[in-house]
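Enquirer: predicted structure and sequence below. I'll ask about it afterward.
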2 protein chains.
Amino acid sequence: MPADLRSHHLRTLAYLLSRGARHNFVPVTTSELGRAVGRSQQAASRHVLDLEEGGLLERGPAPAAAAGRGVSLRITQRGYSEMARVYEELRGAMESHPSHVELDGVLVSGMGEGAYYMSLDGYTAQFRERIGYVPFPGTLNVRLSEARHVSAAVRLDQVGGELIDGFSDGRRTYGWVRCFAGSVNGAVGCHLIRLERTHHDPATVEVISRSNIRRACGLEDGSPVSIRLPM
Amino acid sequence: MPADLRSHHLRTLAYLLSRGARHNFVPVTTSELGRAVGRSQQAASRHVLDLEEGGLLERGPAPAAAAGRGVSLRITQRGYSEMARVYEELRGAMESHPSHVELDGVLVSGMGEGAYYMSLDGYTAQFRERIGYVPFPGTLNVRLSEARHVSAAVRLDQVGGELIDGFSDGRRTYGWVRCFAGSVNGAVGCHLIRLERTHHDPATVEVISRSNIRRACGLEDGSPVSIRLPM
DNA sequence: ATTACTAAAACTCGAGTAC
DNA sequence: TGTACTCGAGTTTTAGTAA
């Protein structure tokens, strides 16, 4: 019996627990246990023996008169404690994990193209409808500092976000824009935007906001910027 | 990569999840992962490879400039689903398992001794104080039908219950009585009693109640009786 | 029907080590 | 420092089968 609970042992205990084996001896067959954990009857028999030897499970009197008619099993206090330990470890991870994308980088100056495009009527009308405001004319360009952040930013395109449709003004067409709500440096609300057509390399992302973030946060070129997008 | 999540794979994912790997690439070293799951660096490296091959984990660009400086890992949608599946299986067992002892048997007629003893002043005064009533004079004798229920009943002696002290009337001494609150046939409230000195074999248990259960439930000798004791 | 043994195959591990 | 390969040892599996 290894020190930690192997998954088949855990699943065996979980099955027995749901059958009421915390306080009663429950009659089961090893085939049934094997089916419950997706292993053979022989393996399940072994698991029960392991768990008994480890003091996690105890065996009661055989259910019926005839021989070889299954076993009666109950989970010991120790067995339940072990289950609880594993459960808490998993619960801790599942229920309180950070659920946002974080993109860190430094502020860089753009050429003003972002501001120009985002001010076009074809976009501003949709911004008002989809994200509730018309962006301050002037986007924040952030150069992501690590490759893993770039990767994360690129993946956003597959994740969704608010879609602003592209349009045509008769002379040329403008691509779609995807907006992801979030905040800059843990304070100012913003949207990170992903453009269908961009002149930036993938390491640079653009951020829009209701107001002038650059001024509101006292940022200048080279200032560290952390963008946090709740998922 | 086996079909089900082995415990080391699960724990690796849980650690990464708590580090935020659900939505971001997290930089880690395999030694760190090994420490987190109590295995060697080599094993942890293997686990990461396994999880990648199974599509549960994906690797991002290496964190820093130099070679061999750790890895960036993120949990895939599939990986998270697998974790959620296991978590739900375990949660279902841990949070909604039957938490009562059930003892099934048939009603048998006693000799009336139970009723006699339980009516002694040395007991009745304590009954009133500890369980809130003086039992109807006449205990219900239930012969447990299966050995596993007998086992469960015997174990109750170690579990606790309301203790009624023994006493002496000068001529002889009377043993302690332990009371366990519960219900008969899912309806009538009762207490199962365990006696320090009993004339019954272990397969027969006695039940007391405020009223006459035999009449209230329309029971006669041979009627099936199910005693349920919440834990 | 069962449980659980044996044997062999498959898997997992850590040590040693290449890069 | 790092990752991750090979390899020998230990563990876990299933098939076959005795009781």
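Expert: Nice, I can see it.
Enquirer: from now on I want contacts and neighbour counts done on CA atoms only, so please keep to that.
Expert: OK.
Enquirer: what's the distance between the residue nearest to the spatial centre of chain A and residue B:20?
Expert: What sits nearest the mean C-alpha location of chain A, by CA atoms, centre = their mean, is residue A:99, with 5.8 Å. Distance, residue A:99 to residue B:20, using CA to CA, to the nearest Å: 7 Å.
Enquirer: hang on, isn't the residue nearest to the centre of chain A packed against residue B:23?
Expert: Yes - Residue A:99 is within contact range of residue B:23, at 6.7 Å (criterion: CA atoms under 8 Å).
Enquirer: list the contacts for residue A:170?
Expert: If you count contacts by CA atoms under 8 Å, 6 or more residues apart in numbering or on different chains, residue A:170 has none.
Enquirer: domains for chain A, by residue range?
Expert: A:7-95, A:100-230 (automatic domain parsing).
Enquirer: want to throw those into CSV with distance to residue B:171 and mean pLDDT?
Expert: Output for the domains of chain A, formatted as CSV (distance: least, CA to CA, whole Å; pLDDT from 0 to 100):
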stretch, distance to residue B:171, mean pLDDT
domain A:7-95, 40, 93
domain A:100-230, 77, 93
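Enquirer: out of these, which comes closest to DNA strand C?
Expert: Checking the domains of chain A against DNA strand C by CA to the nearest atom of the strand gives domain A:7-95 as the closest, at 3.3 Å.
Enquirer: ok, the closest one near DNA strand D or not?
Expert: Yes - Domain A:7-95 is in contact with DNA strand D by CA under 7 Å from any atom of the strand, via A:8, A:38, A:39, A:40, A:41, A:42, A:43, A:44, A:46, A:47, A:68.
Enquirer: chain center to that domain, what's the gap?
Expert: 31 Å (CA atoms, centre = their mean, to the nearest Å).
Enquirer: not counting its own residues, what contacts the helix or strand where residue A:126 lies?
Expert: According to DSSP states H and E, residue A:126 maps onto helix A:121-131. When contacts are defined by CA under 8 Å, 6+ apart, helix A:121-131 is touched by residues A:117, A:118, A:133, A:134, A:135, A:162, A:163, A:164, A:165, A:166, A:167.
Enquirer: mind giving me the packing neighbours of the longest helix seen in chain A?
Expert: The residue-count maximum for a helix in chain A (DSSP state H) belongs to helix A:77-95. The contact analysis (3 or more CA pairs under 8 Å, 6 or more residues apart in numbering or on different chains; DSSP states H and E) places helix A:77-95 against helix A:7-18, helix B:7-18, helix B:77-95.
Enquirer: would you mind giving these as JSON lines with distance to residue A:108 and mean neighbour count added?
Expert: As requested, the helices and strands packed on helix A:77-95 are exported to JSON lines (distance: least, CA to CA, whole Å; neighbours: other CA atoms under 10 Å in any protein chain shown):
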{"stretch": "helix A:7-18", "distance to residue A:108": "50", "mean neighbour count": "22"}
{"stretch": "helix B:7-18", "distance to residue A:108": "32", "mean neighbour count": "22"}
{"stretch": "helix B:77-95", "distance to residue A:108": "33", "mean neighbour count": "17"}
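Enquirer: just tell me which of the ones you listed ends up closest to residue A:155.
Expert: helix B:77-95 (12.4 Å; CA to CA).
Enquirer: need the CA coordinates for the helix or strand that that closest one is followed by. PDB is fine.
Expert: Downstream of helix B:77-95, the first helix or strand assigned by DSSP H and E is strand B:100-108. The C-alpha coordinates for strand B:100-108 follow below in PDB (Å, rounded to 0.1, in the frame of the first residue of the first chain):
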ATOM      1  CA  HIS B 100     -27.000   7.000   8.900                       C
ATOM      2  CA  VAL B 101     -26.700   3.500  10.300                       C
ATOM      3  CA  GLU B 102     -29.400   1.200   9.100                       C
ATOM      4  CA  LEU B 103     -30.400  -2.000  10.900                       C
ATOM      5  CA  ASP B 104     -32.900  -4.300   9.400                       C
ATOM      6  CA  GLY B 105     -34.600  -7.300  11.100                       C
ATOM      7  CA  VAL B 106     -37.900  -8.700  12.300                       C
ATOM      8  CA  LEU B 107     -39.900  -8.100  15.400                       C
ATOM      9  CA  VAL B 108     -39.600 -10.900  18.000                       C
END
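Enquirer: ok, for residue A:22, nearest residue in space, not its chain neighbours?
Expert: Leaving aside its chain neighbours, residue A:22 sits nearest to residue A:75 (5.2 Å; criterion: CA to CA, 6 or more residues apart in numbering or on different chains).
Enquirer: any idea how far residue A:48 is from the one you found?
Expert: Taken as CA to CA, the span from residue A:75 to residue A:48 is 11 Å.
Enquirer: overlap in contacts of the two?
Expert: residue A:57.
Enquirer: among the two, which residue is more densely surrounded?
Expert: A count of neighbours by other CA atoms under 10 Å in any protein chain shown puts residue A:75 above the other of residue A:75 and residue A:48, at 26 against 22.
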